[in-house]
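> Structure for this input, please:
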Amino acid sequence: MIIGNNLPNIPWQEKPAGCNDVVWRYSNNPIVKRDQIPSANSIFNSAVIAKDGKFVGVFRSDDKAMEQHLFLAKSDNAIDWDIEHEPMPLYNEKDEQVGVACGYDPRVCFIDGKYYVTWCTQFHGPTIGVAYSYDFKKFYRLENAFIPFNRNGVLFPRKINDKFYMLSRPSDNGHTPFGDMFLSQSFDMEHWGYHRFVMQAQGWAWTKLGAGPIPIETEEGWLLLFHGVGTTCNGMIYSMGAAILDIDEPWKVKYRCKPYILHPTEMYECVGDVPNVIFPCATLHDAATGRISIYYGAADTTVCMAFAQVDELIKYIKDNAI
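Modelled structure (predicted):
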């Protein structure tokens with residue numbers, strides 16, 4: 001059902017006996033600890049991608065001054081990560097360094113020979129930064145995608161009708177007491193328009209929602225994992241949801257799963273800098289087997305992993321659609 005490349009060395013763990021959930025956790029979570037680099041207070045909400053038979057990533061780390069930066073990482077197995085100790089440098093197209101990547105919640109997407117990173121940067125408030133690399137060694141900064149305030153910029157992994165597509169959540173300068181998902185289009189990755197509404201905060205995600213990993217192309221449409229937030233008397237709870245978008249007009253939601261597919265219940269998801277948070281930012285997937293490995297931030301403190309089978313997940317979404 002997945003349209004794409006085979007990934008025979010995808011990290012994987014079979015569903016535990018007796019588990020009835022459509023998504024299940026890695027038994028050795030967290031895979032990245034909060035203090036894995038010297039400056040770190042926490043490492044979470046990070047993005048990974050396959051490259052040349054191995055794996056690379058862009059990891060968010062908040063330091064002990066609670067400043068937020070992005071760090072490059074590499075791995076042979078996509079579980080054990082070697083994270084650089086200095087923030088990711090950014091360059092202009094004259095090969096001059098123009099700073100380092102400040103901000104949070106990166107996503108990584110490979111399109112037409114380039115690795116694009118989108119993240120929440122600061123420009124008089126939060127907005128979507130964009131950079132690209134040919135080799136995952138030197139990243140070139142592009143113009144910010146949007147004016148403030150905006151978060152959760154997530155690219156589609158190929159052009160549609162000759163345009164780049166990006167999901168995002170317009171927000172405010174704080175913790176956003178509202179938040180629906182929108183889609184924007186661009187011919188050059190710098191000028192964004194043709195905006196479309198995608199989905200609203202509702203149900204268990206009644207406060208806000210935002211796109212998670214890069215959408216996965218399937219025979220049913222674009223499989224989208226997202227985080228949704230409900231506000232209770234004890235604060236906000238971030239859980240993972242799923243939907244299927246139209247393949248040619250992805251602002252049209254074909255199916256949106258009514259129940260969440262992963263909810264903070266484990267100690268490492270419920271206790272940390274921000275309790276009760278599951279925040280998906282990346283997947284790896286294998287077209288041959290239909291396996292999906294999901295990377296998510298837990299309690300804004302560590303990086304964890306979960307798994308799903310694409311056919312089972314799509315059936316669950318359709319059977320439980322709003």
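> okay, which residue is most central for the chain?
residue 281 (2.0 Å; Cα atoms, centre = their mean).
> for residue 304, which residues make a bridge with it?
Judged by DSSP bridges, the bridge partners of residue 304 are residue 296.
> Tell me who's in contact with it.
25, 26, 29, 30, 31, 268, 269, 295, 296, 297, 298 (Cβ atoms under 8 Å, 6 or more residues apart in numbering). In short, each C-beta sits where N, CA and C put it, glycine included.
> just how off-centre is whichever strand or helix holds residue 318 within its chain?
For residue 318, the host element (DSSP states H and E) is helix 310-319. The chain centre lies 20 Å from the centre of helix 310-319; the measure is Cα atoms, centre = their mean, to the nearest Å.
> all helices for this protein, in order.
With DSSP state H as the criterion, the chain has helices at 267-270, 310-319.
> List just the one of those that sits closest to residue 253.
For the helices of the chain, the distance to residue 253 is smallest for helix 310-319, at 10.7 Å, taking Cβ to Cβ.
> Check which helices and strands that closest one sits against.
If you count contacts as 3 or more Cβ pairs under 8 Å, 6 or more residues apart in numbering; DSSP states H and E, helix 310-319 packs onto strand 216-218, strand 221-232, strand 235-245, strand 253-256, strand 291-298.
> Buried residues, that helix. List them.
310, 313, 314, 316, 317 (16 or more other Cβ atoms under 10 Å).
> Stretch 141-151 too?
Neighbour counts over stretch 141-151 (16+ other Cβ under 10 Å) mark 141, 142, 144, 145, 146, 148, 149, 150, 151 as buried.
> wait, isn't residue 6 in contact with residue 286?
Yes. With contacts counted by Cβ atoms under 8 Å, residue 6 reaches residue 286, the gap being 5.8 Å.
> For the two, indicate the residue with more neighbours.
residue 286 (20 against 12; other Cβ atoms under 10 Å).
> and the spatially closest residue to that one that is not a sequence neighbour, how many neighbours?
Excluding its sequence neighbours, the residue lying closest to residue 286 (Cβ to Cβ, 6 or more residues apart in numbering) is residue 7, at 4.2 Å. Residues lying near residue 7 (other Cβ under 10 Å) number 21.
> Can you check the pLDDT for residue 7?
With respect to pLDDT, residue 7 has a value of 98.
> which residues sit in contact with it?
50, 284, 285, 286, 287.
> now with 10 Å?
50, 53, 55, 78, 284, 285, 286, 287, 288, 289, 291, 293 (Cβ atoms under 10 Å, 6 or more residues apart in numbering).
> The first one and residue 73: what is the separation?
Spelled out, it's residue 50. Counting by Cβ to Cβ, to the nearest Å, the gap between residue 50 and residue 73 amounts to 13 Å.
> And residue 144, by the same measure?
24 Å.
> that older thread, please produce a ChimeraX select command covering the buried subset of the contacts of residue 304.
A single ChimeraX command selects the buried members of the contacts of residue 304 (16+ other Cβ under 10 Å):
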select :25,26,29,30,31,268,269,295,296,297,298
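> Tell me the one of the contacts of residue 304 nearest residue 241?
Among the contacts of residue 304, and counting by Cβ to Cβ, the member closest to residue 241 is residue 296, at 12.3 Å.
> Hmm, the closest one is touching residue 266, no?
No. Between residue 296 and residue 266 there is no contact under Cβ atoms under 10 Å: 11.4 Å.
> Find the residues that touch each one of these two.
Counting by Cβ under 10 Å, 6+ apart, the residues touching both residue 296 and residue 266 are 25, 29, 30, 278, 304.
> Widest-spaced pair of the residues you listed?
Based on Cβ to Cβ, the longest span within those runs between 30 and 278 and measures 12.1 Å.
> shared neighbours, the two?
Counting by Cβ under 10 Å, 6+ apart, the contacts common to residue 30 and residue 278 are 266, 269, 296, 297, 298, 299, 304.
> Dump those to CSV, plus pLDDT.
Formatted as CSV, the shared contacts of residue 30 and residue 278 follow (pLDDT from 0 to 100):
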residue, pLDDT
266, 98
269, 98
296, 99
297, 98
298, 98
299, 98
304, 98
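> What about the nearest residue to residue 176 once chain neighbours are set aside, how many residues nearby?
With sequence-adjacent residues excluded and distances taken as Cβ to Cβ, 6+ apart, residue 176 is closest to residue 208, at 5.4 Å. As a burial measure, residue 208 scores 25 neighbours (other Cβ under 10 Å).
> hey, what's residue 208 bridged with?
residue 229.
> can you pull the contacts of the residue of the chain most remote from its centre?
In terms of distance from the mean C-alpha position of the chain, residue 94 ranks first, at 29.8 Å (Cα atoms, centre = their mean). Neighbouring residues of residue 94 by Cβ under 10 Å, 6+ apart: residue 140.
> Tell me how many other residues crowd residue 19.
11.
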